[in-house]
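**Student:** Give me a model of this one.
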Amino acid sequence: MLTALRRIEERRIERPAIESPDDVLLKIEYVGVCGSDVHYYETGRIGSQVVQYPYQVGHECSATVVAIGSAVKDLTPGQTVAVEPAVSCQACDQCRANRPHTCRNLKFLGCPGQIPGCLSEYLVMPAACCLPIDGKITLQQGVLCEPFAIGVYAVQQSAAGPPMAVGVLGAGPIGLSCLAAVRAQGVEAVYMTEIIPERIEIARQAGADWVGNPQREDVLAAVADRCPEGLDVVCECAGRQETLDQAVAMLKPGGKLMLIGIPREQRVDFCPDLLRRKEISIINVRRQNHCTPKAIDLIAQKKVDLDFMITHTFRFDQTAEAFDLVADYRDGVVKALIKMDAATEKQQATSNNS
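**Tutor:** Numbering: from 1, shown residues only. Sure thing, here's the model as predicted:
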């Protein structure tokens, strides 16, 4: 649990229980440390969502089914699943409009005032949020499905495809997920920017046609030299004012700016003259919206390979180290995973010694 800014501690709580016929009790296997988790870790908030300590974080996970409610038909104990972290009501106007990701009553893992996070040995979730991965993908890949599904949804919303040229600004997990998703769509070229040297090399190896560091070169001139007419789509994945400005400058008239990164500031600016003259469309991307099954299938069918994104794996008792590593962008980290069975092993050893 988060207990203060940049402080995370192990606490013992009661094992959650199945309360609804549609519930599933899960044993968490792996948890991914996400940038939004780090927002809460470093600042205690994301926008209007403010942490009340102590608070349980985490929303990227894979798990094994332990028990099921009486109405659950498609899952059995022992199955492995990827977990969709958003729980929608299925009744409001947004859900009826096939927009469960903007559900009026949405509850999301690890968000203050919604659902306690998955950084725990056990978790109860609705069966609809438990997507079988047995025989398809690994438990580690199951964790990657959550961020990758955001990339899949972003590309779906942008309608990117051949013969388009696409920019991806930021080569963290979300930016690399967008890279994989646009490559799977067969776009003509992908241009990326990133300031961390290790991630620049990772992006090149992952299939970007060009990767530039805006702190060391004129990335606008470099992209214009390679694509004089401008880019069709830019996925802004850094959440920074400078990358927003670069994205607008890189786009061709009629281009689409996909806002995916989460800014730490309460407000950002755009130049309305440039947006208007180019008639740029700005599209906000809100999580996954039905794209997690597609993400699983793309990995299972080997149309994408995301294993390179997992750069670090920690034991449960090293969780604080994992958060510090990701928060400080150290050691070339892209995606850090926490292996949760270490928590169970520790508890069993404690019980045996007692």
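**Student:** On the three-state scheme, G207 is what?
**Tutor:** Local secondary structure at G207 is given as coil here, using DSSP: H, G, I helix; E, B strand; the rest coil.
**Student:** do L144 as well
**Tutor:** Per three-state DSSP, the secondary structure class of L144 is helix.
**Student:** was I right about it contacting I299?
**Tutor:** Yes. Under the criterion of CB atoms under 8 Å, L144 is in contact with I299, at a separation of 7.5 Å. C-beta: built from backbone N, CA, C; applies to glycine.
**Student:** When those two are compared, which one has more neighbours?
**Tutor:** Neighbours were tallied for L144 and for I299 using other CB atoms under 10 Å; the higher tally belongs to L144 (30 against 24).
**Student:** Spit out the contact partners of the more buried one.
**Tutor:** When the contact criterion is CB atoms under 8 Å, 6 or more residues apart in numbering, the partners of L144 are 32, 60, 173, 177, 299, 306, 309-310, 335.
**Student:** swap in E10?
**Tutor:** Listed by CB under 8 Å, 6+ apart, the contact partners of E10 are 1, 316-317, 319.
**Student:** still on that earlier bit, joint contacts of L144 and I299?
**Tutor:** Shared contacts of L144 and I299 (CB under 8 Å, 6+ apart): L306.
**Student:** just to revisit the earlier point, which among the contacts of L144 gets closest to S48?
**Tutor:** For the contacts of L144, the closest approach to S48 (CB to CB) belongs to E60, at 22.2 Å.
**Student:** Distance of that closest one relative to R264?
**Tutor:** As defined by CB to CB, to the nearest Å, E60 lies at a distance of 20 Å from R264.
**Student:** Chain neighbours aside, what residue packs nearest to A4?
**Tutor:** Once its chain neighbours are removed from consideration, A4 has its nearest residue in Y53; the separation is 6.2 Å (CB to CB, 6 or more residues apart in numbering).
**Student:** Just read off the phi/psi values of the one you found.
**Tutor:** With angles defined as degrees, to the nearest 10, Y53 shows backbone torsions of phi -80, psi 150.
**Student:** That one against T3, yeah?
**Tutor:** Yes. Y53 sits in contact with T3 when judged by CB under 8 Å, with a separation of 5.4 Å.
**Student:** Point me to the helix or strand that includes I338.
**Tutor:** Element membership of I338 [criterion: DSSP states H and E] is strand 335-339.
**Student:** List the contacts of that strand.
**Tutor:** By CB under 8 Å, 6+ apart, the residues outside strand 335-339 that reach it are 29-33, 119, 140, 143-144, 147, 173, 309-316, 318-319, 322, 325-326.
**Student:** Give me the subset of those lying in helices.
**Tutor:** Mapping the contacts of strand 335-339 onto helices (DSSP state H) picks out 140, 143-144, 147, 173, 319, 322, 325-326.
**Student:** Contact partners for the closest residue in space to G44 that isn't next to it in sequence?
**Tutor:** Taking CB to CB, 6+ apart, and ignoring the residues beside it in sequence, G44 has V51 as its nearest neighbour in space, at 4.7 Å. Contacts of V51 were listed using CB under 8 Å, 6+ apart, and they are 2, 40, 44-45, 112.
**Student:** Now for these: which two are most distant?
**Tutor:** Between all members of the contacts of V51, the longest pairwise span (CB to CB) is found for L2 and R45 and amounts to 11.2 Å.
**Student:** For stretch 96-103, measure first residue to last.
**Tutor:** End-to-end span of stretch 96-103 (CA to CA, to the nearest Å): 9 Å.
**Student:** What are the contacting residues of that stretch?
**Tutor:** Contacts with stretch 96-103, where a contact means CB under 8 Å, 6+ apart, come from 86, 88-90, 92, 94-95, 106, 286-290.
**Student:** now D232, what's its secondary structure?
**Tutor:** With three-state DSSP as the basis, D232 sits in strand.
**Student:** make that L179, sorry
**Tutor:** Note that with three-state DSSP, the state of L179 is helix.
**Student:** Quickly note the distance from it to V152.
**Tutor:** The separation that L179 has from V152, given CB to CB, amounts to 12 Å.
**Student:** Which parts of the chain belong to which domain?
**Tutor:** The record's domain parsing of the chain by automatic domain parsing lists 2-135+306-353, 148-284.
**Student:** can you tell me which residue is nearest the centre of the chain?
**Tutor:** P147 (2.7 Å; CA atoms, centre = their mean).
**Student:** for that residue, what are its contacts?
**Tutor:** In this structure, P147 makes contact with 32, 34, 60, 173-174, 177, 335, judged by CB under 8 Å, 6+ apart.
**Student:** just for the protein, where's the confidence low?
**Tutor:** Counting by pLDDT under 70, the low-confidence segments of the chain come to 342-354.
**Student:** 50 - rerun?
**Tutor:** Counting by pLDDT under 50, the chain contains low-confidence residues at 344-354.
**Student:** So S177 sits against G151, correct?
**Tutor:** Yes. With contact defined as CB under 8 Å, S177 counts as touching G151 (3.1 Å).
**Student:** list the contacts for V152?
**Tutor:** Applying CB under 8 Å, 6+ apart, one finds that V152 lies in contact with 177, 181, 288, 291, 294-295, 298.
**Student:** Identify the spatial nearest neighbour of it, chain neighbours not counted.
**Tutor:** If you skip the residues right next to it in sequence, V152 has C291 as its closest partner in space, 4.3 Å away by CB to CB, 6+ apart.
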